[in-house]
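[1] Kindly generate the corresponding structure for this input.
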Amino acid sequence: MQRRAALVFFVVTLIGAAIVFGVNARGSGTEPRAQPGSGSAPTSTAHRAPSTSSTTTSTAPAQPAVDRPLTLVKTVTGDISPKSVVSTDSGLVFAQNMMYRHTMTVYDQGGSLVKTIPDGVDLASFGYPGHAGVSRGAPVEGAVSPDHKFFYVTNYSMYGANFGPEGDDECSGPDGLSPSFVYRVDLSSLTITGVAEVGMVPKYVAVTPDNRYILVTNWCSFDLSVIDRATFKEVERVGLGSYPRGIVVNPSSTVAYVAVMGSSDIARVDLGSFGISWFRGVGSAPRHVVLDPAGRYLYATLNGDSRVVKLDTTTGNVVSRVDTGSQPRSMAISADGTALYVVNYRSNTVTKLRASDMAVLQTVATPSSPIGITFEPGMHRVWVACYSGEIMIFDA
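    Prediction:
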């Protein structure tokens, strides 16, 4: 009897151990929650260009962005004065160094420098005679093509033979200024492979999701340049009023929303007819605009009111307003649409908002004059450009 009991106990023990081993091998079935700030800052590596395919490997936990706090992982410095930072969503981040650095600096996802691209071009070689020798620009903003093959950069002003006075924000129209150019950068070689003439003091640039048009706001021409992507030539000008700036295009590529900073209005440009309707009275000096992934809600920074607003695009009505800090400039939205990130120029802060109700979730101090921001989806990170010469990289 004792021998039989011992045998039964031995068999039960073996079965229990097997069950425990099987559970451990499969895991608990729940995603582990990331611990903010647990990773160390990445270190510099050899300057090898990463792949520019349209897919990236995510290393962040599968949590909504709204639930992940901003945690600083690295600060990039060097010979830079970044006006903007833009993720290509394919492993690279571009910084446009305004104005006299005459460069764009390109980084990998971890923040290591891949290449510095000078902004000097021979315009005659691209079909624009009359500017002998090398002309230089002043990179402002950038946008990537949906196929991740090209990156487009606006130049605030051009410098060289037969260019007029330097561009200036304090303009009352195009009188006396020269047209500027948008550059096309090949993402496989990181070289400038094309230029397109636009208006005076171009600021923001956006590419339509269907890859048909490149849209550029011309600050001192008071209009929007429409460039045909296939020919890389301007095909339309749309008058908007004083100081147009931010642009965002809906997912179906039928409508572009443009912040007209010299007003309290946002223009709604029909990309079929190029007719305009308006969202009037949204607030003072709208500067930057982003859309949620579905294209239903439009978010705008109000540089004059120091607020961010949320509009319903089906009605044009403002549904929410929130104070974020003094002079909110640029803004980014997370890939999942749950969080917004706003740089406050005079407050020297970046603010995280919950997109659903516009609640302030976090405010983080930055170096002087934060001006540009982008969400990099491969590593779920937010990059913040500061005029003082730093780029801050946050886990997000």
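[2] Could I get the full set of helices for the stretch 251-396 of the chain?
    Assigned helices in the stretch 251-396 of the chain: none (criterion: DSSP state H, counting those that start in this stretch).
[3] Where does pLDDT dip in it?
    For the stretch 251-396 of the chain, no stretch has pLDDT under 70.
[4] can you pull out the strands in it?
    255-260, 265-270, 276-279, 286-291, 297-302, 307-312, 317-323, 328-333, 339-344, 349-354, 360-365, 370-376, 381-386, 390-395 (DSSP state E, counting those that start in this stretch).
[5] From the chain's centroid, how far away is stretch 147-158?
    Mean-position distance between stretch 147-158 and its chain equals 13 Å (Cα atoms, centre = their mean, to the nearest Å).
[6] tell me which residues of it are tucked away?
    His148, Lys149, Phe150, Phe151, Tyr152, Val153, Thr154, Asn155, Tyr156, Ser157, Met158 (16 or more other Cβ atoms under 10 Å). Every residue, glycine included, has its C-beta placed from N, CA and C.
[7] CA atoms only for that stretch, dumped as PDB, please.
    What follows is stretch 147-158, C-alpha atoms only, in PDB (Å, rounded to 0.1, in the frame of the first residue of the first chain):
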ATOM      1  CA  ASP A 147       6.400  55.800 -51.000                       C
ATOM      2  CA  HIS A 148       9.300  56.800 -48.800                       C
ATOM      3  CA  LYS A 149      11.500  57.500 -51.900                       C
ATOM      4  CA  PHE A 150      11.900  61.300 -51.600                       C
ATOM      5  CA  PHE A 151      12.100  64.000 -49.000                       C
ATOM      6  CA  TYR A 152      11.100  67.600 -49.900                       C
ATOM      7  CA  VAL A 153      12.600  70.700 -48.300                       C
ATOM      8  CA  THR A 154      11.500  74.300 -48.400                       C
ATOM      9  CA  ASN A 155      14.100  77.100 -48.500                       C
ATOM     10  CA  TYR A 156      13.100  80.300 -46.700                       C
ATOM     11  CA  SER A 157      15.400  82.400 -48.900                       C
ATOM     12  CA  MET A 158      17.900  81.800 -51.700                       C
END
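[8] Could you tell me which of the buried residues of stretch 147-158 belong to strands?
    Counting by DSSP state E, the buried residues of stretch 147-158 place Phe150, Phe151, Tyr152, Val153, Thr154, Asn155 in strands.
[9] that older thread, could the strands of the stretch 251-396 of the chain go into a markdown table alongside distance to Ala196?
    Listed next are these as a markdown table, based on distance: least, Cβ to Cβ, whole Å:
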| stretch | distance to Ala196 |
| --- | --- |
| strand 255-260 | 17 |
| strand 265-270 | 19 |
| strand 276-279 | 22 |
| strand 286-291 | 23 |
| strand 297-302 | 27 |
| strand 307-312 | 31 |
| strand 317-323 | 35 |
| strand 328-333 | 23 |
| strand 339-344 | 28 |
| strand 349-354 | 33 |
| strand 360-365 | 37 |
| strand 370-376 | 22 |
| strand 381-386 | 24 |
| strand 390-395 | 27 |
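[10] OK, contacts around Asp119?
    Residues counted as contacts of Asp119 (Cβ atoms under 8 Å, 6 or more residues apart in numbering) are His102, Thr103, Met104, Arg136, Gly137, Ala138, Pro139, Val153, Asn155, Tyr183, Ile192.
[11] hmm, try it at 7 Å
    Listed by Cβ atoms under 7 Å, 6 or more residues apart in numbering, the contact set of Asp119 reads His102, Thr103, Met104, Arg136, Gly137, Pro139, Asn155.
[12] Also Phe94?
    Here Phe94 is in contact with Val85, Val86, Thr88, Met104, Val106, Gly142, Phe151 (Cβ under 7 Å, 6+ apart).
[13] measure it to Pro202 for me?
    Distance, Phe94 to Pro202, using Cβ to Cβ, to the nearest Å: 16 Å.
[14] So for the residue nearest to Ser135 when sequence neighbours are not counted, what's the pLDDT?
    Leaving out its chain neighbours, the residue that sits closest to Ser135 by Cβ to Cβ, 6 or more residues apart in numbering is Gly160, at 3.4 Å. Looking at Gly160, its pLDDT is 97.
[15] ok, Gly160 touching Gly130?
    No. Taking contacts as Cβ atoms under 7 Å, Gly160 lies outside contact range of Gly130: 10.3 Å.
[16] Neighbour count: those two, which is higher?
    Neighbour totals were compared for Gly160 and Gly130, and Gly160 leads with 17 against 9 (other Cβ atoms under 10 Å).
[17] Please report the distance of the more buried one from Ala138.
    From Gly160 to Ala138 the distance is 12 Å (Cβ to Cβ).
[18] Likewise for Val255?
    30 Å.
[19] and the two? which has more neighbours close in?
    Ala138 (23 against 19).
[20] His131: neighbour count?
    His131 - counted by other Cβ under 10 Å - has 18 other residues nearby.
[21] In this structure Ser264 contacts Gly283, no?
    Yes. If you go by Cβ under 7 Å, Ser264 and Gly283 touch, sitting 5.9 Å apart.
[22] of these two, who's got more company?
    Gly283 (20 against 17).
[23] Let me know the angle separating whichever strand or helix holds Glu234 from strand 265-270.
    Assessed by DSSP states H and E, Glu234 sits inside strand 233-239. Taking axes from the mean of the first three to the mean of the last three Cα atoms, to 10 degrees, one finds that strand 233-239 is oriented at 130 degrees with respect to strand 265-270.
[24] what does strand 233-239 rub up against?
    With Cβ under 7 Å, 6+ apart, strand 233-239 has contacts from 196-198, 222-228, 269, 274, 276.
[25] go with 8 Å
    By Cβ under 8 Å, 6+ apart, strand 233-239 touches 196-199, 221-228, 269, 274, 276.
[26] Work out the sheet partners of that strand and label each with its direction, please.
    strand 223-228 (antiparallel) (DSSP bridges).
[27] So for the partner strand, what gets flagged as buried?
    Buried-residue list, strand 223-228, by 16+ other Cβ under 10 Å: Asp223, Leu224, Ser225, Val226, Ile227.
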